[in-house]
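*Asks:* give me a model of this one.
(one chain, ligands or ions: 1)
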Amino acid sequence: MHRFVVIGGGPAGNQAATTAARLGAEVTLIESDVIGGSAHLRDCIPSKAMIATGGAMNDQRRSAGMGLTSTSPALDLDALRRRIGDIEARLEASVTGLLHDQGVRIVAGRGRLVGPHEVEITPHDGPAEVVGADTIVLATGSRPRVPDFAQADGDRVLTTRHAYPPPVLPEHLVVIGSGVTGVEFVHMFSAFGSDVTLIVSRQQVLPQKDPEVAAVLEDDFLRRGVNLFKGARAEAIDVDGDGVAVHCDDGRTARGSHALLCIGSVPNSEGLGLDEAGVETDHGYVVVDHNCRSSQPHIYAAGDLSGKLPLSSVASMQGRKIAEHALGLHQRPHRHLDYDKAASAIFTDPEIADVGLAEADAFASGRKVRVTKVPFSASAKALINDDPRGFVKIVSDPATGVVLGGSIVGQHAAELISVLALAVTAGLRVTDIVESLLVHPALAESLADAAE
Ligand SMILES: Cc1cc2nc3c(=O)[nH]c(=O)nc-3n(C[C@H](O)[C@H](O)[C@H](O)COP(=O)(O)OP(=O)(O)OC[C@H]3O[C@@H](n4cnc5c(N)ncnc54)[C@H](O)[C@@H]3O)c2cc1C
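*Replies:* Residues are numbered from 1 along each chain as shown. From the prediction side, this is the model:
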């Protein structure tokens, strides 16, 4: 029987394990913290739970526009903490149940490579053992990056993992970093009622995104009174008894009650025995090919450790593809994972989602594309919902009509983008969207309008 050993039980590892078990392998999964994944269950999910609570508060504030007389919402941090714990426990139980159902052996402990085909398991309780493996999957994830100039004490200076929720609601939060994570935290804490300052190292929040998309978000932040420090990099943090001072390289200082570091992550690759097993790395990330194979063909890496797109959705898909590849399914017609076609979303208010080719990238590369855009202010459903902010933009091939990409800014953008993700992956044409008989009134009608 094929011996399939997985180190790390996040979305990458548990998907690899369940798929391999379903395909007939004898699977061992080693997890040192929480089945479901530290980054997934202690960052991705709680951040979305907090955003949902912030969204409910914003909805209540906006309810006058729906013809209601409302009271101001009040946040109960203890109830929010219990809610997050409950969601995490339920998800952990459901993933563990799936692994058990597939007959996966789960070991609570640490795994490391001690030979090309040997993994040493140090359980939390009990003696260490070495297991042999035909295939090894490294899926140990990542953790928040803490820069040299900061000490994340969990009290005044926080990483994201201290923030679900923090012990007290920050009176004034200084968020360092304006990528996806930074803007999501700005959104959630300003919805909770904290004053927020955002340190933006460039001239635009979300520097990797379409400027038109970023502009909608910046407008929303300014409307909410968020203080934007543009073109400034944090380089030191002073903490005194009841506050922080974040010093920036342009001479400005942002003062607040708390600072939150949102400056990316580092891979969990120390102590994994990568050098000993001859696995090539780059800045701690395992170098992988398009099948997620490392420099050792029977050792794969998936999820954040692979240095590809750090998304739970991508991690799961990598895990599935690895199991299929290792167990021979790739010899049948097989679709490689195409990172350029991964949909992603930013859970701000309004939401932002995109997939495939971006308009700016098409123009930068000189590729001829057709770009069509429709604002939600023309949508009956958006008016009914009293939220006509944002737009749908579709990028297609002018010769064939094939959908190449798209962006959506507005309510439920993270759900609506699925239609464009399917179109991009399946090579559908704009006419396929136009000719779909959609529900009326629905926000999705704007997709068909933009495809016209
Ligand atoms: C604030 C934040 C918000 C996010 N929001 C989203 C989002 O909205 N959507 C999205 O798709 N993605 C989101 N992500 C990204 C997502 O959480 C990660 O990309 C995903 O969890 C990666 O999965 P993974 O399996 O590689 O790692 P993990 O989920 O971290 O799982 C890896 C596991 O390996 C274990 N491990 C490590 N070393 C060992 C060892 N030696 N032995 C045994 N076990 C070990 C760890 O304990 C961990 O449980 C977010 C991330 C952050 C930080």
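
*Asks:* could you list the domains of this protein?
*Replies:* 3-144+266-326, 157-263, 350-451 (automatic domain parsing).

*Asks:* make TSV from the ones you listed and add distance to His336 to it.
*Replies:* To be clear about C-beta, it is placed using only N, CA and C from the backbone, and glycine gets the same treatment. Output for the domains of the chain, formatted as TSV (distance: least, Cβ to Cβ, whole Å):
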stretch	distance to His336
domain 3-144+266-326	5
domain 157-263	24
domain 350-451	12
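
*Asks:* need the contact partners of the lengthiest helix in the chain.
*Replies:* Counting by DSSP state H, the longest helix found in the chain is helix 77-101. Residues outside helix 77-101 that contact it (Cβ atoms under 8 Å, 6 or more residues apart in numbering) are 9, 14, 17-18, 21, 29, 34-36, 41-42, 45-46, 49-50, 53, 106, 164-165, 168-169.

*Asks:* show me which of those are buried.
*Replies:* Buried members of those, counted by 16 or more other Cβ atoms under 10 Å: 9, 14, 17-18, 21, 29, 34-36, 41-42, 45-46, 49-50, 53, 106, 164-165, 169.

*Asks:* who are the contact partners of the residue nearest to the spatial centre of the chain?
*Replies:* Taking Cα atoms, centre = their mean, the centroid of the chain lies closest to Leu311, which sits 4.3 Å from it. By Cβ under 8 Å, 6+ apart, Leu311 lies in contact with Ala342, Ser344.

*Asks:* how far away is Arg255 from Leu261?
*Replies:* From Arg255 across to Leu261, the span is 17 Å (Cβ to Cβ, to the nearest Å).

*Asks:* looking at the two, which is more packed in?
*Replies:* Taking neighbours as other Cβ atoms under 10 Å, Arg255 and Leu261 compare with Leu261 leading, 25 against 13.

*Asks:* wait, the more buried one touches Phe149, no?
*Replies:* No - taking contacts as Cβ atoms under 8 Å, Leu261 lies outside contact range of Phe149: 10.2 Å.

*Asks:* got the residues of the stretch 101-250 of the chain near the ligand?
*Replies:* Arg110, Gly111, Arg112, Ala139, Thr140, Gly141, Thr160, Thr181 (Cβ under 6 Å from any ligand atom).

*Asks:* can you tell me which of those are in helices?
*Replies:* Those of those lying in helices (DSSP H): Thr181.

*Asks:* could you dump the residues of the stretch 101-250 of the chain next to the ligand to CSV with pLDDT and neighbour count?
*Replies:* Converted to CSV, those look like this (pLDDT from 0 to 100; neighbours: other Cβ atoms under 10 Å):
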residue, pLDDT, neighbour count
Arg110, 98, 19
Gly111, 98, 28
Arg112, 98, 21
Ala139, 98, 34
Thr140, 98, 33
Gly141, 98, 27
Thr160, 97, 23
Thr181, 97, 23
